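Trainee: Coordinates only, no sequence provided:
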């Protein structure tokens with residue numbers, strides 16, 4: 001494992017190395033440190049071992065995701081402009097059609113609601129923030145970035161799916177390219 005001083009100066013490479021190092025540190029910590037849980041019916045040792053295995057598996061999956069060459073972290077405009085994201089959900093309706101006007105403003109046609117119920121269809125705005133998150137927000141002037149933050153995990157163009165974290169929850173969207 002490299003020291004922080006030996007990390008490359010390229011921002012994307014540095015982010016990848018830091019994420020990889022963080023994942024490895026978490027993995028070591030969970031292997032060495034006891035897991036604190038409340039025990040009611042089962043012995044703490046049984047629950048601790050079971051939880052530890054699940055946590056170790058998730059950390060290994062996280063490490064593998066960051067080693068995968070298809071895993072990308074930051075959005076770019078080409079992946080967003082003239083694309084449609086439709087949430088894959090049994091309960092919720094969420095649809096985004098991302099556009100850029102002739103003045104260079106980024107706007108998004110949205111549909112929000114529950115399946116089988118009335119859905120709202122506002123026009124909102126979007127940007128890619130300094131962390132590489134896609135931010136959808138209501139007001140062009142204030143550019144409040146607190147509404148919706150979407151972190152890209154992977155775009156599967158063969159199946160038309162984008163894997164994301166939407167406000168820290170894993171969400172899948174159908175991904176359609178080339179909308180005019």
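Mentor: The structure has been received and is ready for your questions. In this text, all values refer to a predicted model and were calculated from it rather than measured experimentally.

Trainee: Look up the closest residue to residue 127, ignoring the ones flanking it.
Mentor: residue 135 (5.4 Å; CB to CB, 6 or more residues apart in numbering). Every residue, glycine included, has its C-beta placed from N, CA and C.

Trainee: Where does pLDDT dip in the chain?
Mentor: 1-50, 61-72, 140, 142-146, 179-180 (pLDDT under 70).

Trainee: all helices for this structure, in order.
Mentor: Ranges of helices in the chain, per DSSP state H, are 11-32, 44-67.

Trainee: what number of residues lie near the residue nearest to residue 127?
Mentor: For residue 135, the count of nearby residues is 21 (other CB atoms under 10 Å).

Trainee: how close does it sit to residue 111?
Mentor: Distance, residue 135 to residue 111, using CB to CB, to the nearest Å: 18 Å.

Trainee: what do you get for residue 154?
Mentor: The spacing between residue 154 and residue 111, counted by CB to CB, is 24 Å.

Trainee: cool, and residue 94?
Mentor: 7 Å.

Trainee: quick one, which of the two is more surrounded?
Mentor: Using other CB under 10 Å, the more surrounded residue of residue 94 and residue 111 is residue 94, with 18 against 15.

Trainee: Show the contacting residues for the more buried one.
Mentor: By CB atoms under 8 Å, 6 or more residues apart in numbering, the residues touching residue 94 are 86, 87, 110, 111, 112, 173.

Trainee: Looking at those, which two lie furthest apart in space?
Mentor: Maximum pairwise distance in those, criterion CB to CB, is 13.5 Å, between 112 and 173.

Trainee: from what I can see residue 128 touches residue 74, true?
Mentor: Yes. At 7.2 Å, residue 128 counts as touching residue 74 under the criterion of CB atoms under 8 Å.
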